[in-house]
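> Sequence plus the predicted model coming up.
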Amino acid sequence: MIRLPSHLKEITFFQAVEIFQAAKELESQGRSVVHLEFGEPDFPTPEVVSEAATRALRDGRTRYTHSLGVPEFRETIVEYHNRKYGLELDPDQVLVSMGTSLLMQILMLLLLERGDQVILTDPTYACYTNFVRLAGGEPVLVPIRESEGFQPNAEAIRQAITRRTRAIMICSPANPTGVVMRPQVMRELASLGVPIISDEIYHGLAYGGGEHTILNDTSQAFVLNGFSKYFAMTGWRLGYLIFPPEVRATLMKLHQNIMISASEHVQYAGIAAMREAIPVCEQYKREYDRRRLFIIQRLGEIGLPLHYEPSGAFYVFADARRYGADSMVLAREILQATGVAVTPGGDFGPGGEGYLRFSYANSYENIAEAMDRLGPYLQSRPASAG
């Protein structure tokens, strides 16, 4: 018998993936499915990025690199952030790796001993709590509410701080809600005296402006970002971490043991993305905004109105509790009955239970088809007594 560690029992399945797999099974049976469950851009990676990667391969860029990343790439990242946010970062404050998920895990290993705590909002991105648990830590969930615009409450977070608190983790624009955190809220969180982990992977996708980096408020912050969302590069697995200088040596040691370095040719693709692909990505952003406004309108028409403003990323979080308290059961029933795949809100914590997350990282036409299918189904479904 293979004996598995007991702490792995606390690791939860990723329900969005379970819905996706069920949807693929339906498709294998000949069913038509509209996929609104994943936050994956339907746009192609900008051509200049693919060309840069191809050129790098032809030039033999297939070796190990500096464990922090190719110096030119880190310089490009710093130039991008300094220009956009008025910062004075140094390339030696950047660690490049194979996507932000790996970097989150490395960061938890850096910060946590067994029993240490990380404060998270509830709802929050499904994998954050698992990253904390895998490092032996304890996730502490502080509720955020639709009636308050899904904005974190700094006073509630302050009250959750204990002697074992090692970080506060935030995401703006947020997954699953699509909310852009107000700058004043971020400043209040930065003033609490606890290091902030800020997942800024959806930066670039705030409609009407309003993006604010935690680095403008505190030097005791760790910023995660990457190329999957704004640059439409999910499969490239390229991300980076901006960190306070004093942890550089330990981060390098961790990364050298776990990964050595990110793929060399992919890093050159990242350089091209930041230097040349922004005009194309801004076109993508305008189309996301068009879809955002459309899906908000249509959800209201079919009985799932929003009572907050999802002004970033490519998600809306709809309260579906009138149709059932168990969001996984509801999502499976919707998939089976209509062929529309959506993510159960319970994937994002107890505070998300009863909600459904809709991704508009799919075509306008497919979103319209999904709403056309959902509307009659919801109208025919009796409201739940629970």
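Sure thing, it's come through. Residues are numbered from 1 along each chain as shown.

> what sits against residue 35?
Counting by CB atoms under 8 Å, 6 or more residues apart in numbering, residue 35 touches 20, 23, 341, 362, 366. Using the backbone N, CA and C atoms, a C-beta is placed for each residue, glycine as well.

> Ok, residue 11 next?
Residue 11 neighbours (CB under 8 Å, 6+ apart): 130, 133, 134.

> now swap in residue 147 and tell me
Residue 147 neighbours (CB under 8 Å, 6+ apart): residue 307.

> buried residues in stretch 282-289?
284, 285, 288, 289 (16 or more other CB atoms under 10 Å).

> Contacts for that stretch next, please.
Looking at what lies outside stretch 282-289 - CB under 8 Å, 6+ apart - the contacts are 41, 43, 204, 205, 207, 230, 232, 314, 360, 361, 364.

> now the second one: how far from residue 231?
To residue 231, residue 43 is 10 Å away according to CB to CB, to the nearest Å.

> Export whichever helix in the chain runs longest to CSV, keeping only CA atoms.
Determined from DSSP state H, the single longest helix within the chain is helix 278-301. Provided in CSV are the C-alpha atoms of helix 278-301 (Å, rounded to 0.1, in the frame of the first residue of the first chain):
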residue,chain,number,x,y,z
ILE,A,278,0.5,45.7,-26.7
PRO,A,279,-1.4,47.3,-29.7
VAL,A,280,-2.9,43.9,-30.6
CYS,A,281,-3.7,43.2,-26.9
GLU,A,282,-5.5,46.5,-26.6
GLN,A,283,-7.7,45.4,-29.5
TYR,A,284,-8.5,42.2,-27.6
LYS,A,285,-9.3,44.3,-24.6
ARG,A,286,-11.8,46.4,-26.4
GLU,A,287,-13.6,43.2,-27.6
TYR,A,288,-13.6,41.8,-24.0
ASP,A,289,-15.3,45.0,-22.9
ARG,A,290,-18.0,44.7,-25.6
ARG,A,291,-18.7,41.1,-24.4
ARG,A,292,-18.7,42.2,-20.7
LEU,A,293,-21.4,44.8,-21.3
PHE,A,294,-23.4,42.2,-23.4
ILE,A,295,-23.2,39.4,-20.9
ILE,A,296,-24.2,41.7,-18.0
GLN,A,297,-27.3,42.8,-19.9
ARG,A,298,-28.3,39.3,-21.0
LEU,A,299,-27.8,37.8,-17.5
GLY,A,300,-30.2,40.4,-16.2
GLU,A,301,-32.7,39.5,-18.9
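
> and that helix, what's its mean pLDDT?
When pLDDT is averaged along helix 278-301, the result is 98.

> Can you name every helix or strand that the helix or strand just after it contacts?
Per DSSP states H and E, the first helix or strand lying C-terminal to helix 278-301 is strand 315-319. On a contact count with 3 or more CB pairs under 8 Å, 6 or more residues apart in numbering; DSSP states H and E, strand 315-319 meets helix 278-301, strand 355-359.

> what about 6 Å?
For strand 315-319, the packing partners by 3 or more CB pairs under 6 Å, 6 or more residues apart in numbering; DSSP states H and E come out as strand 355-359.

> ok, the strand it packs on: who's next to it in the sheet?
The pairing partners recorded for strand 355-359 under DSSP bridges are strand 315-319 (antiparallel), strand 343-344 (antiparallel).

> how about the ones you listed in JSON lines, adding mean pLDDT and mean neighbour count?
JSON lines is the format used below for these (pLDDT from 0 to 100; neighbours: other CB atoms under 10 Å):
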{"stretch": "strand 315-319", "mean pLDDT": "98", "mean neighbour count": "23"}
{"stretch": "strand 343-344", "mean pLDDT": "97", "mean neighbour count": "30"}
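
> Serialize those strands to TSV and add fields for distance to residue 162.
Below are the strands paired with strand 355-359 laid out as TSV (distance: least, CB to CB, whole Å):
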stretch	distance to residue 162
strand 315-319	29
strand 343-344	31
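
> re earlier: so of the contacts of residue 35, which ones are in helices?
20, 23, 366.

> any idea which of the contacts of residue 35 is closest to residue 306?
Distance to residue 306, by CB to CB, is smallest for residue 362 among the contacts of residue 35, at 18.2 Å.

> what's around that closest one, how many residues?
22 (other CB atoms under 10 Å).

> Tell me how far residue 175 lies from residue 91.
28 Å.

> And those two? Which one has more around it.
Neighbour count, other CB under 10 Å: between residue 175 and residue 91, residue 175 has more, with 28 against 16.

> returning to what we had before: would you mind telling me which of residue 43 and residue 231 has the busier surroundings?
residue 231 (26 against 16).

> pLDDT score assigned to the closest residue to the more buried one other than its chain neighbours?
Nearest non-adjacent residue to residue 231, counting by CB to CB, 6 or more residues apart in numbering: residue 273, 4.7 Å away. For residue 273, the pLDDT comes out at 98.
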